[in-house]
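1. sequence plus the predicted model coming up.
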Amino acid sequence: MKPFNEDQARDYLFNMLTTIYKFERYLVITFGLNYQEIYLMNILKRDSPKKMSEVSSGMKIEAFSASRLVARMVEKGLVKRYKAGRDKRNVFIKLTDLGERKVDELEDKSVEILKNNSGTVMPEIMESFITAAMNIHHLLKTE
């Protein structure tokens, strides 16, 4: 294994940041949503409903920021809030039908872009991309 080169690592990380930023920016512009809305919709698609406290801790944002984010998304009809059980302080969030359709459109567009561009790279590069995408959270410790 080659020695770790800090300058190359900085360049790789900046390249990754730039690429993801531009890709996400495209989705923001195309779908009229912001980054946090897109991220929360993806979270809720995979694990719903969520308590408000789980939203703020999972997204690593303050409770008041999560509350404002959810309020905006409720206004847009993307999520709904509800109270369940005896403890009325527990507020839950889940996608609405519109929110589910919107997140499906986002994912479909992302997969379409990946599929359309996968033919422009060698299969080994595509395999490396998939492996890296599945494991990047371990390397960067973002769990």
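-> Yep, it's here.
2. the residue nearest the centre of the chain: what secondary structure?
-> By Cα atoms, centre = their mean, the chain has its centre lying nearest to residue 39, at 3.3 Å. Using DSSP: H, G, I helix; E, B strand; the rest coil as the criterion, the local structure at residue 39 reads helix.
3. buried stuff in the one helix or strand residue 28 maps to?
-> In this assignment (DSSP states H and E), residue 28 forms part of helix 6-31. Across helix 6-31, burial judged by 16 or more other Cβ atoms under 10 Å covers 27, 31. (Each C-beta comes from the backbone N, C-alpha and C, glycine too.)
4. same thing with stretch 98-108?
-> For stretch 98-108, burial by neighbour count (16+ other Cβ under 10 Å) applies to 99, 100, 102, 103, 106.
5. which residues in the chain form helices?
-> Using DSSP state H, the helices of the chain run over 6-31, 35-46, 52-59, 63-75, 97-118, 123-140.
6. how far does the longest one sit from the chain's center?
-> It stands for helix 6-31. Put simply, helix 6-31 sits 14 Å off its chain's centre (Cα atoms, centre = their mean, to the nearest Å).
7. against which helices or strands is that helix packed?
-> Using 3 or more Cβ pairs under 8 Å, 6 or more residues apart in numbering; DSSP states H and E, the elements in contact with helix 6-31 are helix 35-46, helix 97-118.
8. give me the angle between that helix and helix 97-118.
-> On the basis of axes from the mean of the first three to the mean of the last three Cα atoms, to 10 degrees, helix 6-31 is oriented at 130 degrees to helix 97-118.
9. give me the angle between helix 6-31 and helix 123-140.
-> Per the same axes, to 10 degrees, the angle that helix 6-31 makes with helix 123-140 is 100 degrees.
10. one more: the third one?
-> Direction vectors for helix 52-59 and helix 123-140, defined by the same axes, to 10 degrees, enclose an angle of 120 degrees.
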